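Novice: Give me the fold of what follows.
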Amino acid sequence: MLDLATRVYNHNFRIDPIVRSLLDTDFYKLLMAQMILRRHPEVSVTFGIHNRTRSVRIADEVDIGELREQLDHARSLRLGRGEATWLRGNAFYGTRRILSAEFIAWFEAFRLPDYELAVRDGQYELSFHGSWLETTMWEVPALAILNELRSRATLRGMGRFDLQVLYARAMTRVWEKIERLRRLPDLSIADFGTRRRHGFLWQDWCVQAMHEGLGAHFTGTSNCLIAMRREVEAVGTNAHELPMVYAALAEDDAALAQAPYDVLRDWQQDYEGNLLIVLPDTYGTTGFLRDAPDWISAWTGVRIDSKDPIEGGEEVVAFWEARGCDPREKLAIFSDGLDIDTIERIHAHFHGRMRIGYGWGTLLTNDFRGLVGNRLDPVSIVCKVSEANGRPTVKISDNPSKAQGPEAEVERYKRVFGVEAQATLPVLV
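Specialist: All right, here's what the predicted structure looks like:
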């Protein structure tokens, strides 16, 4: 087994970059990029980093020179021949050639575009402007770089024995969670932890631990590089950026109201009836389900991401029943800030009433809370699209703490989508 403590102790940028492959990204980025290539190759956008945990001044912890070095290294990467072969030959979700020859040819020639970096009030202002197809690919590596640089800065100067004990404690914590997961009947769980991981090597270790500890109940990882190397499934579908851009491009309120469903219609056509998981919360789950066309109820399932999981789960059960569907034949994927206590609570409440899946993220791949004071506690840092073709993007979410956009546009979107009072929930990760 890899000696993590020694590798961390010997960190050297030239032999140990944070992002070492363009496949060190989440599978849903490739699926979305393919749809963007087919349908919106001319759209121009801006992505930007936002640290919701304002009490943590990341620019005070992470050296700007090291950050530039890592970002510039990521820009030098190209898809390798073996990596392209894996994309071409693998049967993702049991389907061969889910990624087209056209997309893989584009990906083989792709390099990450330029970036803009500044510091304001202890936070990095890191942004990416240009083609949607190119800038979308920065989200995962940019977040992974910032999070791992913060980890490295905290661990720098620790001795070998301190590091050995630290990782032994963190491994024990993960394994104790896995032991609790083993007790859950009909468990189905995947790693969604790339963006805010402690580090690449640690995520790789966590995936191996989940694979060995849970067997077939571990359904895979969102990280393409780790999936390839460890021969596990690459998993993922789509994210909030698709409806956010479609909505920003809408010419009037009627088109705006239709935009979230236009995304799903395009997705369904492009993926020929595969990968049919609805993400309904961009502009509020309640309104989305209330106004959804009947064909949405035929989709495989729903990802519940920003609402209280019990409340959100009950809402989709009621939606399926109202549309004449048996919830026991449907899939609900829970993915928001999960940890073992929440997973156990969800499972106890819904097991047997519907199929359940979990996308376990930050608190799988970055739970060092309390092990070095609070200096390794994860922060809620995101990289979101903020503008499309010169128009601001908006996200309402089911949790006002996750909303974004100019105030006037947020109010317009709330009116169009019929968003009423919402409960504010704490955002840990």
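
Novice: Distance of the residue lying closest to Val278 once chain neighbours are set aside relative to Asp162?
Specialist: Using CB to CB, 6 or more residues apart in numbering and skipping residues adjacent in sequence, the residue nearest Val278 is Val302, 4.8 Å away. (C-beta placed from N, C-alpha, C; glycine too.) Taking CB to CB, to the nearest Å as the measure, Val302 falls 44 Å from Asp162.

Novice: For those two, indicate the residue with more neighbours.
Specialist: A side-by-side neighbour count of Val302 and Asp162, using other CB atoms under 10 Å, places Val302 first with 28 against 14.

Novice: That one should be in a helix, yeah?
Specialist: No: counting by DSSP: H, G, I helix; E, B strand; the rest coil, Val302 is not part of a helix but strand.

Novice: quick one: contacts for it?
Specialist: Contact analysis of Val302 by CB atoms under 8 Å, 6 or more residues apart in numbering lists Ile277, Val278, Leu279, Pro280, Val316, Phe319, Lys330, Leu331, Ala332, Ile333.

Novice: re the thing from before, can you spell out which residues form a bridge with the residue nearest to Val278?
Specialist: Beta bridges link Val302 to Val278, Ala332 when assigned by DSSP bridges.

Novice: Closest to His347 out of the contacts of Val302?
Specialist: His347 lies nearest to Ala332 out of those, by CB to CB, at 11.2 Å.

Novice: And for that closest one, the neighbour number?
Specialist: 24.

Novice: and which of the contacts of Val302 is nearest Gly130?
Specialist: Set against Gly130, the nearest of the contacts of Val302 by CB to CB is Leu279 (25.0 Å).

Novice: What distance do you get for the nearest residue in space to that closest one that is not next to it in sequence to Ala190?
Specialist: Nearest non-adjacent residue to Leu279, counting by CB to CB, 6+ apart: Arg303, 4.9 Å away. Here Arg303 is placed at a distance of 12 Å from Ala190 (CB to CB).

Novice: buried set for stretch 49-57?
Specialist: By 16 or more other CB atoms under 10 Å, the buried positions in stretch 49-57 come out as Ile49, His50, Asn51, Thr53, Val56.

Novice: now swap in stretch 111-126 and tell me
Specialist: Of all the residues in stretch 111-126, those buried under the rule 16+ other CB under 10 Å are Leu112, Tyr115, Gln123, Tyr124, Leu126.

Novice: of those, closest to Trp86?
Specialist: Lowest distance from Trp86 to the buried residues of stretch 111-126 (CB to CB) belongs to Leu112, with 19.9 Å.

Novice: who touches stretch 420-429?
Specialist: By CB under 8 Å, 6+ apart, stretch 420-429 touches 52, 196, 284, 286, 306, 308, 337, 361-363, 366, 378-380, 398-402.

Novice: So if I had to pick from Arg303 and Ala190, which one is more boxed in?
Specialist: Taking neighbours as other CB under 10 Å, Arg303 and Ala190 compare with Ala190 leading, 25 against 22.

Novice: before we move on, the earlier item: mind checking which of the contacts of stretch 420-429 are buried?
Specialist: By neighbour count, with 16+ other CB under 10 Å, these hold 196, 284, 286, 306, 337, 361-363, 366, 378-380, 398-399, 402 as buried.
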